[in-house]
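Any chance you could fold what I've pasted below:
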Amino acid sequence: MLIVTPALAAANNGNWHTAARWQTFLAGAADAQIAQAWDGEPVDALIALHARRSADSIARFHAAHPQRPLALVLTGTDLYRDIERGDASARHSLECASHVVVLQHEALRRLSAVQQAKARVIVQSAARVLRRDKATDFIAVGHLRDEKDPLTLMDAARRLAEPLSIVHVGNPLDEALAAAARRTMADCPHYRWLGGLGAEDTRQWIAGARALVHMSRIEGGANVVIEAVRSQVPVLASRIDGNVGLLGTGYEGYFPVGDAPALAALMQRFAGDAAFAERLAEQCAALEPQFAPEVEAKAVQALVADLLATMRP
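Here you go, the predicted model:
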C-alpha cells in the first residue's frame, strides 16, 4: 500500500503529519509506504492526500488499475477552493476515488450525494501533552500564508486594550507576511513571531499557553486545534467549516473570519472573564476523547480493511 502526499517531512505541514501518523497506525496491519508520487510500482491500494496536488498520481493509478481501491483524503484547499471553483484535476480525482475521506463532519455538506455515498469522516488525533506553567496568554500556530490569515492576528494584536502576550509559530512561506510579522513585533512588543519550530517544541508552546488562536480562512480540519484540545488549552477559532466541524456548532469561542476587532475583543474577554474562559475549557474537555490516537487509529485501520476487501486484480 502506498500513501501519496504532496509534502514530505521537510515541509512540516498537515499533509505530512497525517501521512506519517497513518503509516504508524497501519504498522503490523499493512505495509504502508509514503511517497510524493506513485511511480508505477505494484501496490494493492493507494491512499492519496490532496485532490489537486496528487492528481497526477491518482489519474495514472486509476488508469493503470481501474478496479483497484483508491482512497482520496480531501484537504481544506480541495473542499473550500479547488473543487468549489471547478478545478478539473481535483474533480477528476474525486471521480477516480473508490473511497473518500474528510477530516471533520461539516465537510460532508460540500460533497454531492454520489460523493457522500463513498465518503467517511476520520477525525485526526494528537497525543496528550500537558504543562502546568502557562508562559504566554495566546499561541497561534500556522505557516505564514494567506489561507492561515496571519494578518488578522497581527491586526488584533495592535487593537488589544492591554498587552496580552502572543506567540506566533510558523515558517515564512510568504515574504510579505513575514515582513508584516516583523513590523508587528517592532510596534507591539507583546507579539512575538518565532518562525518555524519542530513538532515537539511547538507542542510545548501550545501546552504552555492559556489559549490557542486559530485564524484560518480555509481548513480541512486543523490538527493544531486538536493538539490544543488534547493539551487542555481552549481555542479561539474563526467560524469556518473546518473549525466548526471539529469544535461543534454550539462552541462559544468563535469569531467571524478575518474580523480583527472581533478577535481582539474575544481575546480580551477570554483574558478578563474567568467564567467565560472556564466555559470554553469545559467545552474543549468534553471534545477531547474523540481526538485520542486510538480513535483515529481504529478508523484508519477500518478504512484500509475496506480498501483491501474490495481489491481486484
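
Now stretch 146-163: buried residues?
147-157, 160 (16 or more other Cβ atoms under 10 Å). Any C-beta I mention is one placed from the backbone N, CA and C, and that applies to glycine too.

Next: stretch 107-115.
Buried residues in stretch 107-115, counted by 16+ other Cβ under 10 Å: 107-108, 110-111, 115.

Output it as CSV, restricted to C-alpha atoms.
Extracted C-alpha coordinates of stretch 107-115, given in CSV (Å, rounded to 0.1, in the frame of the first residue of the first chain):
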residue,chain,number,x,y,z
ALA,A,107,-17.1,18.8,5.2
LEU,A,108,-19.7,16.2,4.1
ARG,A,109,-22.0,19.0,3.2
ARG,A,110,-19.7,20.1,0.4
LEU,A,111,-20.0,16.8,-1.4
SER,A,112,-22.7,15.6,-3.8
ALA,A,113,-25.0,12.7,-2.9
VAL,A,114,-22.9,10.4,-5.1
GLN,A,115,-19.7,11.6,-3.4
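
Quick check: mean pLDDT of it?
Throughout stretch 107-115, pLDDT has a mean value of 92.

Give me the contacts around it.
Applying Cβ atoms under 8 Å, 6 or more residues apart in numbering, the external contacts of stretch 107-115 come out as 74, 79-80, 83-84, 94, 100, 102, 116, 119, 121, 220-221, 241-242, 245.

change it to 6 Å
79, 116, 119 (Cβ atoms under 6 Å, 6 or more residues apart in numbering).

go on, stretch 28-47?
1-4, 19, 23, 26, 57, 61, 69-71, 301, 304, 307, 311.

if you set the cut-off to 8 Å instead, what comes out?
Stretch 28-47 is touched from outside by 1-8, 19-20, 22-23, 26, 54, 56-58, 60-61, 64, 68-71, 73, 301, 303-304, 307-308, 311, with contacts defined as Cβ under 8 Å, 6+ apart.

separation between Ala48 and Trp22?
As judged by Cβ to Cβ, to the nearest Å, Ala48 and Trp22 stand 12 Å apart.

what sits in contact with each of those two?
Listed as contacting both Ala48 and Trp22 by Cβ under 8 Å, 6+ apart are Ile3.

Val167 - that's part of a helix, no?
No: according to DSSP: H, G, I helix; E, B strand; the rest coil, Val167 belongs to no helix; its state is strand.

Would you confirm that Ala156 contacts Ala260?
Yes: counting by Cβ atoms under 8 Å, Ala156 touches Ala260, with 4.6 Å between them.

Tell me where the stretch 101-250 of the chain has strands.
Here the stretch 101-250 of the chain has its strands, by DSSP state E, counting those that start in this stretch, at 119-121, 136-141, 166-169, 191-195, 209-214, 235-238.

What helices and strands are in contact with the shortest one?
Put plainly, it is strand 119-121. Counting contacts by 3 or more Cβ pairs under 8 Å, 6 or more residues apart in numbering; DSSP states H and E, strand 119-121 is packed against strand 99-102.

Quick one: mean pLDDT for the strand it packs on?
So the average pLDDT for strand 99-102 ends up being 97.

With stretch 123-132 instead?
95.

Can you point out the buried residues in it?
For stretch 123-132, the neighbour count (16+ other Cβ under 10 Å) marks 123-126, 129, 131 as buried.

Include distance to Arg230 when you put those into CSV, please.
Below are those laid out as CSV (distance: Cβ to Cβ, whole Å):
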residue, distance to Arg230
Val123, 12
Gln124, 11
Ser125, 8
Ala126, 4
Val129, 7
Arg131, 12
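
Mind telling me the two of those farthest from one another?
Largest separation among those by Cβ to Cβ: Val123 and Arg131, giving 24.1 Å.

related to what we said a few turns ago, could you redo the buried residues of stretch 146-163 as TSV and give each row distance to Gly198 and pLDDT?
Shown next, in TSV, are the buried residues of stretch 146-163 (distance: Cβ to Cβ, whole Å; pLDDT from 0 to 100):
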residue	distance to Gly198	pLDDT
Glu147	22	93
Lys148	18	95
Asp149	24	97
Pro150	20	98
Leu151	25	98
Thr152	26	98
Leu153	22	98
Met154	24	98
Asp155	28	98
Ala156	27	98
Ala157	25	98
Leu160	29	96
